[in-house]
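>>> Give me a 3D structure for the following:
(2 chains)
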Amino acid sequence: MSNIPGDLKYTEEHEWVLVEGRYGRIGITDYAQEELGDVVYVELPEVGDKIVKGEAFGSVESVKAASDLFAPVSGTVIEVNRDLEDSPELVNESPYDDGWMIVVELEDESELDELLTPEEYEEHLGGE
Amino acid sequence: MLKRTPLYEEHLKLGAKMVDFAGFEMPIQYSSIINEHMSVREKVGIFDVSHMGEILVKGEKAGDFLNGLLTNNTNKIKEGRVQYTIMTYDDGGSVDDLMIYKLSSEEYLLVVNAANKDKDYEHIKNLAPKGITVEDVSDDYGLIAVQGPESLKLVQELLGDVSLKPFNFKTMEYRGNELLISRTGYTGSDGFEILGSPERIRELFIKFIDMGANPCGLGARDTLRFEAGLPLYGNELGPDISPVEAGLSRFVDLDKPFMGRDALVAQIQQKDRRRLIGLKLLDKGMPRQGYTVYWEGQPVGKVTSGGFAPYLKEYLAMALVKIPSDSTSETFEIEIRGKRLQAMQVPVNFLKNKN
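Model (predicted):
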C-alpha cells in the first residue's frame, strides 16, 4: 500500500502540498514514485518563476517514462530543491521529505480548498 | 492470449512487475531497474530470456545455405563457437540480428529475437533448398542469462568447469538432460547464457537465485545493452535500417556472396549515408527514442535509443544521422521536450570507453 501522510493535501495527478503558513511545499506522492520507477532526472522552475494551478511547472523522468508535474496551486517559487539535480533518486527514497521539489508563496489560499484530503486521495487511488 | 515462459510462476513468486513483450508475459523489473542494472555491473544478475526464438537448421549444406543469408561468415565458425550475425533482405534492410551456434558441420542453432521469430522462420524456410530442414524448436528450450563479474564463480559452483572463452559454448549433461552453455550475453559484462529443457532451466533459475544471483527484468536488460552500446532490433536495426548504417560492418563479410550484399556495398561507398553515432548530453536531460537530432542548426536524424546510463552516470543516446562524412564538428543538439540540449559525439561503445 502507498504511504499517504495525513498532514498533506493532494491532487489527482499525484502531487502533494504541505501548507506552511503562506507557503506551500510541493512534491510527488509515494504512489507516483512507485509507478514511475527509478527517477533519473527532475526538471524544476527557477526561484522567482510563477506557477499556475493545473499547468505543468516541470517534469520528472524515470528510466521508463517522462511525466509532467502539475501545479497544485498558483504562486511564486521561493525555493527549489537543488539536491535533486545530483540525486534525483531522493524522489524514490523519500518522496515526502528529502524528495520535495519546490516551495511557493501561495497566490490564493482558497485554492487549497480544492485539493484532495488524504482520505479523498486514498479513494482516488482505489479507482486507479 | 499471451504466452508464458517456463519461469512465469517464479517471476510471480519473486514479485516481478509483468508486461506484454513480443507476445509474452515477461518481467520488466523485480526490485528497481537501476538496482538490477548495478548488480550485473558489480556482482551477478540473472535474466529469463526464454522468450527468444530458437531455429534449428540441418543438412549437409546447411553452413553454405546460411552463409548466403547472413552477413557474417558462417564458414569461419569453428565447432563449439557462437557468432553474432545479421540476416538481411535484398535491399540491405535487416530481417533480424541473431546468434548462431555451430553444433556440428551439418547442424546450426539460431537464437533470434522473440518478436521476429515467426518472420525469421518463414524467411529461412522459404529460401531453403532440398536437403535442408528448418525447424522452429523454440518450445523445446528455456534460456537464462547469468551476467556479471561474479557469473563465472556462480556457474562453476553449480555446473562444474565452464572456463569458456567469449563466444564459445559447450554442451553438458545435467540431471539427465543436455544443457548448452555459452560465454555470451547482451549486457556488456562477462556472463553466460544457458539453453536447456524448460524444466531444467526452471530448476537452474531457482538455484542461481538461491546462490545469490539478483533476478533482473527486461528493463535492466535494455539499460545494460544500451550502456554497452549494443544494438536492439526495432531501434538500431530494422527492415529500413541496414547493419552498415547501424555501424555493424565488422559483422558483415563482403568477400562472400549473400542476400543484400550488393546493397550494402553500395551503402558503404555512399559518403552521405545515414550512420549510427553515440551522443553524450552536456546538459542534463533524458534523450528518448524518436527525439530529433540537430547539427549546425538543421535536423539531421533521430535518437534510436537514449536515456540515463546508470553505471556510467551519464545521459547518453544512440542516433541515426545523415551528416557530411568529412564533417569535423562533433557538436549536436537533441530536442528534448521542447528544448534543444547540447550533446557531444562519442564512440557508441560507451562502456568500453570508460574502462
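>>> tell me what the lengthiest helix in chain A is packed against?
When chain A is parsed with DSSP state H, its longest helix is helix A:118-126. Secondary-structure packing of helix A:118-126 (3 or more CB pairs under 8 Å, 6 or more residues apart in numbering or on different chains; DSSP states H and E): strand A:9-10. Where C-beta positions appear, they are placed from N, C-alpha and C, glycine not excepted.
>>> run the last query once more with 10 Å
strand A:9-10, helix A:30-36 (3 or more CB pairs under 10 Å, 6 or more residues apart in numbering or on different chains; DSSP states H and E).
>>> Could you give the average pLDDT over the longest one?
Model confidence over helix A:30-36, given as mean pLDDT, is 95.
>>> List the neighbouring strands of the following helix or strand past that helix plus their orientation.
Sequence-wise, the next helix or strand beyond helix A:30-36 is strand A:39-43, with elements assigned using DSSP states H and E. Note on strand A:39-43: by DSSP bridges, its sheet partners are strand A:56-62 (antiparallel).
>>> any residues touching the following helix or strand past the partner strand, and which ones?
As assigned by DSSP H and E, the chain's next helix or strand after strand A:56-62 is strand A:66-70. Residues outside strand A:66-70 that contact it (CB atoms under 10 Å, 6 or more residues apart in numbering or on different chains): A:11-15, A:26-28, A:32, A:35-36, A:39, A:41-45, A:51-61, A:101-102, B:286, B:288, B:336-337.
>>> quick one: buried residues of the longest helix of chain A?
Using 16 or more other CB atoms under 10 Å in any protein chain shown as the test for burial, helix A:118-126 gives A:Y121, A:L125.
>>> Would you mind writing the CA trace of that helix as PDB?
C-alpha atoms of helix A:118-126 as PDB (Å, rounded to 0.1, in the frame of the first residue of the first chain):
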ATOM      1  CA  PRO A 118      -5.700  12.300   2.400                       C
ATOM      2  CA  GLU A 119      -9.000  10.300   2.600                       C
ATOM      3  CA  GLU A 120     -10.100  11.600  -0.800                       C
ATOM      4  CA  TYR A 121      -6.700  10.800  -2.300                       C
ATOM      5  CA  GLU A 122      -6.800   7.300  -1.000                       C
ATOM      6  CA  GLU A 123     -10.200   6.800  -2.500                       C
ATOM      7  CA  HIS A 124      -8.900   8.300  -5.800                       C
ATOM      8  CA  LEU A 125      -6.100   5.700  -5.800                       C
ATOM      9  CA  GLY A 126      -8.600   2.900  -5.200                       C
END
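>>> Please state the offset of it from the chain centre?
Distance, stretch centre to chain centre, for helix A:118-126: 16 Å (CA atoms, centre = their mean, to the nearest Å).
>>> Quick check: mean pLDDT of it?
In the prediction, helix A:118-126 has an average pLDDT of 95.
>>> sorry, back to before: so which of the helices and strands packed on helix A:118-126 is nearest chain B?
Closest to chain B of these, according to CB to the nearest CB: helix A:30-36, at 10.1 Å.
>>> Give me every residue in the stretch 101-250 of chain B lying close to chain A.
B:G219, B:A220, B:D222, B:T223 (CB under 10 Å from any CB of the partner chain).
>>> just those residues now: which is nearest B:I28?
Of all these, B:I28 sits closest to B:G219, with 4.9 Å by CB to CB.
>>> For stretch B:341-349, list every residue counted as buried.
B:L341, B:A343, B:Q345, B:V346, B:V348, B:N349.
>>> OK, contacts around B:Y294?
By CB under 10 Å, 6+ apart, B:Y294 lies in contact with B:V300, B:G301, B:V321, B:T331, B:F332, B:E333, B:I334, B:E335, B:R340, B:Q342, B:A343.
>>> quick revisit: pick the most deeply packed of the helices and strands packed on helix A:118-126.
strand A:9-10 (a mean of 22; mean count of other CB atoms under 10 Å in any protein chain shown).
>>> Tell me the secondary structure at the closest residue to B:T223 other than its chain neighbours.
Closest residue to B:T223 apart from its sequence neighbours, by CB to CB, 6 or more residues apart in numbering or on different chains: B:H37 at 5.0 Å. At B:H37, secondary structure determined by DSSP: H, G, I helix; E, B strand; the rest coil is helix.
>>> burial of B:H37, as a residue count?
Other residues near B:H37 come to 27 when the count uses other CB atoms under 10 Å in any protein chain shown.
>>> Any idea which residue is closest to the centre of the chain?
You didn't pick a chain, so chain A it is. A:G27 (2.4 Å; CA atoms, centre = their mean).
>>> you looked at the wrong chain, it should be chain B
By CA atoms, centre = their mean, the most central residue of chain B is B:Y186, 5.2 Å off.
>>> Apart from its chain neighbours, what residue comes closest to it?
Nearest non-adjacent residue to B:Y186 (CB to CB, 6+ apart): B:R225, at 5.0 Å.
>>> that older thread, contacts only, for the residue nearest to B:T223.
Counting by CB under 10 Å, 6+ apart, B:H37 touches A:38, A:63, B:45, B:187, B:216, B:219-224, B:226-227, B:308-311.
>>> What segments of chain B are helices?
Using DSSP H, helices in chain B cover B:8-13, B:33-42, B:62-67, B:117-127, B:151-159, B:198-210, B:218-227, B:261-269, B:350-354.
>>> Redo those as TSV? Include mean pLDDT.
Formatted as TSV, these follow (pLDDT from 0 to 100):
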stretch	mean pLDDT
helix B:8-13	98
helix B:33-42	98
helix B:62-67	98
helix B:117-127	98
helix B:151-159	97
helix B:198-210	98
helix B:218-227	98
helix B:261-269	97
helix B:350-354	83
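>>> just those: most buried one?
helix B:218-227 (a mean of 25).
>>> what residue ranges in the chain are flagged as low confidence?
Went with chain A since none was named. Low-confidence segments of chain A (pLDDT under 70): A:1, A:127-128.
>>> could you do chain B instead?
Scanning chain B for pLDDT under 70 picks out the ranges B:354-355.
>>> Repeat the analysis, applying 50 as the threshold.
Applying pLDDT under 50 to chain B flags no residue at all.
>>> if I pick the nearest residue to A:N92 once chain neighbours are set aside, what's in contact with it?
In this structure, A:N92 finds its nearest non-sequential neighbour in A:Q33, 5.0 Å apart by CB to CB, 6+ apart. By CB under 10 Å, 6+ apart, the residues touching A:Q33 are A:2, A:14, A:27, A:39, A:60, A:62, A:89-96, A:99.
>>> With B:M259 instead?
Neighbour list for B:M259: B:68-71, B:87-92, B:95, B:123, B:127 [criterion: CB under 10 Å, 6+ apart].
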